[in-house]
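[1] here's my sequence, what's the structure:
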Amino acid sequence: MAFGLRWHLPFPFPAFPAAPAGQAADVLVEEGDLPSAAGEVRACGPLREAGPAVARIGLPGVARLLITDGNRIRVKRHDGCSDDALNLLLMGTGAALLLHQRGYLPLHGSGILTARGAVLFVGHSGAGKSTTLAALMQRGYPMICDDLAAIRLNDAGMPQVWPGVGVYKLWADSAEALGLGTADLPRVRAELEKFMVPTGANLVTQAAPVRAIYQLATHNRPELSMKPRRDSAKFNALLDHTWQKLTIKRMGLHTEHFSRAVAVANAVRVVSIRRPDGGGLHPGDLADRLEADFLS
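    Prediction:
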């Protein structure tokens, strides 16, 4: 189970929560050669194509994926690609494209569950999403997701976020600042000082209403700033941190995505967080400010 969907995988993924026995899969993942692109599929870059109900993505040295109809992903892995590397691509870009096809709003974000609902942290690479997640998990908040936040509107039109996969990723310096050892952890890629940390039982199992979204970034000032976003700025924050936002129009989903982002922006508090660039702020200090804010 991941993102509210039952997945059938042809390769091992230890961090993947098991689906209830006897239930049919919502998403079938299979390995094999990829068919040629159909005529209506339009190029979106050297490694990506997209069209109605069809999307392709390729990562050098890992694999090429064909995602169709929101329920099937065909995988052609490159020689030497490990299951770990393939799983990261599948549950990142692959899942995000599939979620677009199924009517979700997939954000580039991590999140925890609080007594008042889900709190998400969005931002570009290096903004501190996973570090913030880990700091708050150390305070007892269970994880909902890391890197990919799958939001969908319920029958009442309110946004909910669905649990992701039971692993999060930390750079070595972030792990050290949080007192987490990395000697026994697998790396995201062999050449990177970034590690995959299993969540274990500390993963939410049900969808949760989204209470707040914090947009993380840095600035060249010495202080930490926190400012609620209003009106169109809330929508722009969601658009800026939507997975694969540049392919949405080519997928024919621009109108649907706009409507979903507006609905979420209207229902959820969005706050801009700016921390000093160049380091110097301990993850616990940011966690203090965030916790005080989302509990108030």
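[2] where does residue 255 fall, phi/psi-wise?
    phi -60, psi -40 (degrees, to the nearest 10).
[3] what number of residues lie near it?
    10 (other Cβ atoms under 10 Å). C-beta coordinates here come from the backbone N, C-alpha and C atoms, glycine included.
[4] residue 130 now?
    22.
[5] wait, it sits on residue 110?
    Yes. Between residue 130 and residue 110 there is a contact under Cβ atoms under 8 Å: 5.7 Å.
[6] overlap in contacts, the two.
    146, 147, 168 (Cβ atoms under 8 Å, 6 or more residues apart in numbering).
[7] just the C-alpha atoms of stretch 25-36, please, in CSV.
    The C-alpha trace of stretch 25-36 is given here as CSV (Å, rounded to 0.1, in the frame of the first residue of the first chain):
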residue,chain,number,x,y,z
ALA,A,25,-4.2,-4.3,-7.1
ASP,A,26,-5.0,-0.8,-8.1
VAL,A,27,-1.6,-0.4,-9.8
LEU,A,28,0.2,-3.2,-11.7
VAL,A,29,4.0,-2.8,-12.0
GLU,A,30,5.7,-5.1,-14.5
GLU,A,31,9.2,-5.4,-16.0
GLY,A,32,9.9,-5.7,-19.7
ASP,A,33,10.6,-3.9,-22.9
LEU,A,34,8.7,-0.7,-23.5
PRO,A,35,6.6,-0.3,-26.6
SER,A,36,7.2,2.5,-29.1
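[8] ok, residues contacting it?
    5-11, 19, 56, 64, 66, 70-77, 90, 98.
[9] now with 6 Å?
    5-10, 64, 66, 71-76 (Cβ atoms under 6 Å, 6 or more residues apart in numbering).
[10] determine how far it lies from the middle of the whole chain.
    The chain centroid and the centroid of stretch 25-36 are separated by 22 Å under Cα atoms, centre = their mean, to the nearest Å.
[11] and if you look at stretch 62-79?
    18 Å.
[12] one step back: which of the shared contacts of residue 130 and residue 110 tops the neighbour count?
    Result: residue 146 is most packed of the shared contacts of residue 130 and residue 110 (other Cβ under 10 Å), 27 neighbours.
[13] tell me the contacts of the residue nearest the centre of the chain?
    The C-alpha lying nearest the average C-alpha coordinate of the chain belongs to residue 148 (Cα atoms, centre = their mean; 0.6 Å). Contacts for residue 148 (Cβ under 6 Å, 6+ apart) come out as 96, 106, 164.
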